[in-house]
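S.K.: Got a predicted model here, sequence first, then my questions.
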Amino acid sequence: MIIVLDRLAGAPVAVVDGGHPEPIFDLAAFVAERERAHSPRWVWDDTRTWYPLLLSAGVRVERCFDVRLCHAILRSSSLTAGSRLATAPPGPWDAPALPPARPRENAGALFDLLPEERHDPLLQADPIAEFAAQREAVAAAAEPGRIDRLLAAESAGALIAVEMRFAGLPWSAERHDSILTAVLGPRPSVDGARPARLQRLLDVVRERLDSPELNPDSPVDLVKALGVAGLQVTSTRSWELRKLKHPAIEPLLEYKKLARLLATNGWSWLDEWVVDGRFRPDYVPGGTATGRWASSGGGALQLPKQIRGAVIADPGWTFVVADASQLEPRILAAMSGDRGMIEAGAAGDLYAGIVASGAVETRDQAKVAMLGAMYGATTGESGRLMPKLARAYPGAIRMVEDAARAGERGEIVTTRLGRSSPPPGLAWRSSQSEGYGENATATDASRARGQARSWGRFTRNFIVQGTAAEWALCWMASIRRRLQDRAAGRRLTESAHLVFFLHDEIVVHCPLDEAEGVALEVREAAGEAGRLLFGALPAAFPVTVAIVDTYADAK
DNA sequence: GTACTGGGCCAC
DNA sequence: AAACGTGGCCCAGTAC
């Protein structure tokens, strides 16, 4: 059963299996009842506007189609390139997602807001017609199952993103404060003042550079002061400073490290983002070109390892933390079908397997060479090792090289399930034609070549990163479904639930006595994700699972 | 005051 | 060891 939810003149209506719109008087009750009886696939314009409402009423759904996210995929996918949907001019479905309201100012009001109160551009859009156009585009695709699986996975991700924000990541403000105090000194009573330890480090730096007025947070100022002290640098990057021999360098590096922590995840971050013991960032599924998630607010996808100790499970609860080992190289092996590389990963450590095959001599070399293959390294050790890798694993390397060449020609490339790269922009195209035109100078030509190679590195990486993102979505969707089955009617936050996701890593918050069972589900879900993408191919996707009370102990 | 850019650095 | 992919956020500095 498929039920499209829409809004007519502000009031919610439902269209069941293509019938006539019926008014809905109590949305939560309507959805709960249909969900119980039929578990339909719910179709709505934007999960971020509908689903929080339902969650706050205690209603979860199993499946949906997020029409906006699906639209973005189908518009650009090479698998649906000729469709009516792909060739139409841009419309309201192409507008970027609205950010959700901030939790602090709202204190729950977010979940009471009706979608039509949010000035959403999608109010002008017709999800019923759009959904029909999407079905038409999928049906006409060469392999409808492939793209349909991507749409389902992307939509499952949209549900998960809202659920994770709703549940929140357990965060101990007390523990966070003690971590900060231990490394920076106590919180200054005046906002903006430097904590004691930071101030002492700065005093030392100023003294040793003989520069009492130095502003260490200004790269320009810092380069000048270092110059006066006889240290010639063109930037203040840590890895460059580390090469210098001078008594000011060590405290300066320490200062930079701590200043960064204070600025980005210090006490003001805590005040702003942690409410009632939960961190609720805004996750943005499909927020990057490759299909990886983005996030906004609180920097959820860059939580420094230093403060992960503040992520502490509730009493009687624990975390199951899992990450996929060497995900991207394994994805490369599987999607290229390179039997040798798949075999190298079969025993456990893929890089060790590459060494065992005789392609390179050390594990480090294997790792650097693989990263180089996926990122497009040309220089250094990584660049030198590439030919060895290409000899040992011709199928895998040919695939990334082909993707790079396609990008250099300005063509699009496509992931396993059908997400395609954006075409290069107008500026890129015109600099290409200038670079190879009749009046081109040597500079024009070399700039054009440089930009072409750069776009090639993007497309090279796109197919691997994008397919890895698809695997992660399938993994997480499978975990979610398994957890929902185990919940047996309990509310989201009363039973094991996902609370964090980081590209190839998930965190489940779960009652202590369920941890072992959940850990098993997480492993099985990884196998399921592999089969969803690659069928019966014997590619392994091992996951490392830890049961821990704090995220800091996960690895 | 707001808007934007570049440098720098965190995560994967 | 070096600077090769995807992001977000903070600060300084500048333009309005």
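M.R.: Perfect, I can see it now.
S.K.: Point out where chain A drops to low pLDDT.
M.R.: Along chain A, segments meeting pLDDT under 70 span A:99-120.
S.K.: tell me the strands in the stretch 1-150 of chain A, going along the chain?
M.R.: Applying DSSP state E, counting those that start in this stretch to the stretch 1-150 of chain A gives strands spanning A:2-8, A:11-16, A:22-23, A:41-44, A:63-66.
S.K.: do the same with chain A
M.R.: Secondary structure of chain A (DSSP state E): strands located at A:2-8, A:11-16, A:22-23, A:41-44, A:63-66, A:169-170, A:274-275, A:278-279, A:282-284, A:294-296, A:317-324, A:497-501, A:505-511, A:543-548.
S.K.: what's the closest of those to DNA strand B?
M.R.: strand A:505-511 (5.9 Å; Cβ to the nearest atom of the strand). For the C-beta atoms, the positions are set from N, CA and C on the backbone; glycine is no exception.
S.K.: can you state the direction angle for the closest one and strand A:497-501?
M.R.: Put simply, strand A:505-511 runs at 150 degrees to strand A:497-501, going by axes from the mean of the first three to the mean of the last three Cα atoms, to 10 degrees.
S.K.: how about the CA coordinates for strand A:505-511, as CSV?
M.R.: The C-alpha trace of strand A:505-511 is given here as CSV (Å, rounded to 0.1, in the frame of the first residue of the first chain):
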residue,chain,number,x,y,z
GLU,A,505,30.2,4.3,11.8
ILE,A,506,27.0,4.1,13.9
VAL,A,507,26.1,4.3,17.6
VAL,A,508,23.1,2.6,19.1
HIS,A,509,21.9,3.6,22.6
CYS,A,510,20.4,0.5,24.1
PRO,A,511,19.3,-1.1,27.4
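S.K.: quick one: that strand near DNA strand B?
M.R.: Yes - using Cβ under 7 Å from any atom of the strand as the criterion, contacts between strand A:505-511 and DNA strand B involve A:Glu505.
S.K.: Does anything pack onto that strand? Which helices or strands?
M.R.: Packing partners of strand A:505-511 (3 or more Cβ pairs under 8 Å, 6 or more residues apart in numbering; DSSP states H and E): strand A:317-324, helix A:442-487, strand A:497-501, helix A:515-534.
S.K.: and A:Leu332, what is it in contact with?
M.R.: Applying Cβ atoms under 8 Å, 6 or more residues apart in numbering to A:Leu332 gives the contacts A:338, A:341, A:370, A:373-374, A:396, A:399-400, A:464.
S.K.: looking at the strands of the stretch 1-150 of chain A, which is closest to DNA strand C?
M.R.: Between the strands of the stretch 1-150 of chain A, strand A:63-66 lies closest to DNA strand C; by Cβ to the nearest atom of the strand that is 18.0 Å.
S.K.: my read: A:Ala546 touches A:Val518, true?
M.R.: No - counting by Cβ atoms under 8 Å, A:Ala546 stays clear of A:Val518, with 11.9 Å between them.
S.K.: Return every residue with contacts to both of these two.
M.R.: A:Val320.
S.K.: Same drill for those two, tell me which one is more crowded.
M.R.: Ranked by neighbour count (other Cβ atoms under 10 Å), A:Ala546 and A:Val518 place A:Val518 first, with 26 against 15.
S.K.: these two touch, right, that one and A:Val320?
M.R.: Yes - counting by Cβ under 8 Å, A:Val518 does reach A:Val320; the two are 4.8 Å apart.
S.K.: so what's in contact with these two at the same time?
M.R.: Common neighbours of A:Val518 and A:Val320, using Cβ under 8 Å, 6+ apart, are A:496, A:508, A:510.
S.K.: For A:Lys555, see how far away the first one is.
M.R.: Counting by Cβ to Cβ, to the nearest Å, the separation of A:Ala496 from A:Lys555 is 21 Å.
S.K.: got it, and A:Ile2?
M.R.: Taken as Cβ to Cβ, the span from A:Ile2 to A:Lys555 is 42 Å.
S.K.: between the two, which one's more packed in?
M.R.: Neighbours per residue (other Cβ under 10 Å) separate A:Ile2 from A:Lys555, with A:Ile2 holding more: 16 against 12.
S.K.: Bridging across strands, which residues link to the more buried one?
M.R.: A:Arg41 (DSSP bridges).
S.K.: Could you pull up the contacting residues of the residue nearest the centre of chain A?
M.R.: The centroid of chain A falls nearest to A:Trp293 when counting by Cα atoms, centre = their mean (3.0 Å). Shown in contact with A:Trp293 (Cβ under 8 Å, 6+ apart): A:157, A:161, A:283-287, A:301, A:469, A:501, A:503.
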